[in-house]
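> Let me see the structure of the following:
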Amino acid sequence: MSSPYDICIRNIAGTYKLEIKTVSGKTITLDFIGYNTISNTSNTINTSGIYCIYAMTKDSDGKPVRGRLIYIGEGAKVKSRLETHNRLVNGKQVSLDTFLNEDEFLYYSVAAIPSGEND
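Got it, this is the predicted structure:
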C-alpha cells in the first residue's frame, strides 16, 4: 500500500525533524524534542501531532541510548493516543512490548502539527 505522503526524518544538530510532503505538494517540517518513556505521558501535548515509538536500551546512568524506530503514528490527541496505544497484528490487538528485546524499553518522541497544517 502506498502512502499519500513523502516522509523524511533528519537529525539536524541533535534535533530530529520530520519533513512531510502532502498530496497538495506542501512541505511541513515538524521538530521532535527529546525522548520520554511510554509509561510517562504526563507532560505530553494533547493536540494534533505525529509520534515515533522506539525500542531503546539504557546506558549505565539509566539514560536512553538510541535504538530501533518501531512505529510512527499520528493522532488528533497525541497524549490520549499514546496512553491507549496497541497495534493490530494478524487482526489481533497486540501491545508494543511484544516487539522489545529483553534489554529494551519503550520510548517516544512527539511533534505537534501546527494549526491549519493537518490536511
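
> Spatially central residue for the protein, please.
Cys52 (1.3 Å; Cα atoms, centre = their mean).

> what helix or strand is it on?
strand 49-58 (DSSP states H and E).

> So which bits of that strand are buried?
Within strand 49-58, the residues that count as buried by 16 or more other Cβ atoms under 10 Å are 49-56. Where C-beta positions appear, they are placed from N, C-alpha and C, glycine not excepted.

> just stretch 27-44 next, same as before
28, 30, 32, 35-36, 38, 41, 44.

> so can I have a markdown table of those residues showing pLDDT, secondary structure and distance to Leu96?
Below are those laid out as a markdown table (pLDDT from 0 to 100; DSSP: H, G, I helix; E, B strand; the rest coil; distance: Cβ to Cβ, whole Å):
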| residue | pLDDT | secondary structure | distance to Leu96 |
| --- | --- | --- | --- |
| Ile28 | 75 | strand | 26 |
| Leu30 | 75 | strand | 21 |
| Phe32 | 75 | strand | 18 |
| Tyr35 | 79 | coil | 15 |
| Asn36 | 82 | strand | 14 |
| Ile38 | 77 | coil | 7 |
| Thr41 | 81 | coil | 14 |
| Thr44 | 83 | coil | 16 |
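
> Make JSON lines out of those and add distance to Val65.
Listed next are those as JSON lines, based on distance: Cβ to Cβ, whole Å:
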{"residue": "Ile28", "distance to Val65": "29"}
{"residue": "Leu30", "distance to Val65": "24"}
{"residue": "Phe32", "distance to Val65": "17"}
{"residue": "Tyr35", "distance to Val65": "10"}
{"residue": "Asn36", "distance to Val65": "15"}
{"residue": "Ile38", "distance to Val65": "16"}
{"residue": "Thr41", "distance to Val65": "21"}
{"residue": "Thr44", "distance to Val65": "21"}
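
> Tell me which two in those are the farthest apart.
Spanning the widest gap among these are Ile28 and Ile38, at 25.0 Å by Cβ to Cβ.

> List the buried residues in stretch 56-72.
56, 64, 67, 70.

> pretty sure the first one contacts Phe105?
Yes - Met56 lies in contact with Phe105 (Cβ atoms under 8 Å); the separation is 6.0 Å.
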